[in-house]
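>>> What would the 3D arrangement of this be:
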Amino acid sequence: MTQPETPPAVQGPLFPAYRNGAPSSTAQTEKRRNAAETVLWILVILGLSVLVLQGTGYVKLFALQSKAALIGLTVIALALIMAAAYSYLQSVKLRAAMQRLTEQQRRKRQRVTLPDQEGEAKAPESLSEEDEAWTEQVRFSAVIEERQRLARELHDAVSQQLFAISMTATAVSRTLEKDWERAKRQVQLIEEMASVAQSEMRALLLHLRPIHLDGKNLSQALHSLIDELKLKVPMKITLEADPTIMLDTEAEDHLFRIAQEALSNTLRHSKAENLNIYLQHAGAYVRLTLQDNGVGFNLEEKKQTSYGLLTMEERVNVLGGSLKLITSPGNGVLIDIWVPASGHDGGGILPNGSDRTNGQHRTTY
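Presented below is the predicted three-dimensional model:
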């Protein structure tokens, strides 16, 4: 089984520098950063609230009197763009810090010696403390990386939709009295863009669900997730999950996140009417399959740039499993995932065609 790629280490406000056991002045920076993030999220929530109220008819957002609302949408879009830029700069710093921390860890391990019986007792204890600190930093790094990814997606998807809504609404105010038919078409376009923005937000909110399954097994957790989605989206979603499947915590967490990612991609891009999900035993493996009847896509153009696909592949790799993805324009998407069941190493060729020889998986497209 290959080891997961280590996420970048955290630096900056979340990990202030310590001197003689006391935190440095970066505590003030942390407070300012938290305040800025709070303001940004308040703007986002307010903007989405306005869109929801408009969609239900409680607010006539695009009347001539609503210039304040248009200004508000523009401010929200600009705030999200600034947040994404800030996250990008932080990610550059995080990667540099990770490289330094990795080198420091390697050097420390090289210096560990066992000169005598006393030293033999102390060295493993020191190494254990280092490993514990390393694990803690990696955990926080993963959290920061996920935040940055969400910020990027907010910028690339939702903020662009909001900005387009703002510009189109401004055009409506100029053409309403001169060309009524054109103004009607512009309002229809605004409604379509607002609907897309809502779909984008639903998809992003999937990633904010806690990774812990709250005492449920994977089958129960998937049923809870799907039942919740059915109340919010018009898509017909069918889930068949074997309730007897029991995996270790890591495998369940990874498979649950993979299902979330696939659902997110389907909601945002597929335009599908139906989505079928299957979780079942397959000999020495557990198989997770997701298939929709949407528009599909050209995999050769997208597989190198899709963060979601890369994330799913990395999670499958951690579990020593395999992922097969079949799609083409107009033919929907099929995702077929096999991971070893508890107590099995899963060597050899899998039924979905992927090679598991020598503990390595191969993703098949």
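>>> Okay, buried residues for stretch 278-296 please.
279, 285-294, 296 (16 or more other C-beta atoms under 10 Å). Backbone N, C-alpha and C define where each C-beta goes, glycine included.
>>> nope, stretch 179-193 is what I meant
183, 186-187, 189-190, 193.
>>> Which parts of the stretch 201-350 of the chain are strands?
236-241, 274-282, 285-292, 322-327, 333-340 (DSSP state E, counting those that start in this stretch).
>>> helices or strands up against the second one?
Translated: strand 274-282. Judged by 3 or more C-beta pairs under 8 Å, 6 or more residues apart in numbering; DSSP states H and E, strand 274-282 is in contact with helix 218-230, strand 236-241, helix 249-265, strand 285-292.
>>> Please identify the deepest-packed of these.
Between these, strand 285-292 has the highest mean count of neighbours, a mean of 23, where neighbours are mean count of other C-beta atoms under 10 Å.
>>> So in that sheet, which strands flank it, and in what orientation?
Paired neighbours of strand 285-292 in the sheet (DSSP bridges): strand 274-282 (antiparallel), strand 333-340 (antiparallel).
>>> Identify the spatial nearest neighbour of K236, chain neighbours not counted.
Distance criterion C-beta to C-beta, 6 or more residues apart in numbering; nearest residue to K236, sequence neighbours excluded, is N274 at 4.8 Å.
>>> Burial check on the one you found, number of neighbours?
Neighbour count for N274, taken as other C-beta atoms under 10 Å: 13.
>>> For it, which residues are in contact?
When contacts are counted by C-beta atoms under 8 Å, 6 or more residues apart in numbering, N274 touches 235-238, 292-293.
>>> ok, now how distant is it from M235?
7 Å (C-beta to C-beta, to the nearest Å).
>>> swap in V295?
In terms of C-beta to C-beta, V295 sits 13 Å off from M235.
>>> Overlap of the contact sets of those two?
Shared contacts of V295 and M235, counting by C-beta under 8 Å, 6+ apart, come down to A272.
>>> pLDDT on the helix or strand hosting I144, on average?
For I144, the host element (DSSP states H and E) is helix 117-153. Mean per-residue pLDDT for helix 117-153: 63.
>>> Check which element follows it along the chain.
Where DSSP H and E defines the elements, the next helix or strand beyond helix 117-153 is helix 160-175.
>>> got the buried residues for that next one?
Those would be 160-166, 168-170, 172-173, for helix 160-175 by 16+ other C-beta under 10 Å.
>>> helices or strands next to that helix in the packing?
helix 67-111, helix 180-206.
>>> which strands and helices sit next to the shortest one?
The one in question is helix 180-206. Counting by 3+ C-beta pairs under 8 Å, 6+ apart, helix 180-206 packs on helix 26-55, helix 117-153, helix 160-175, helix 249-265.
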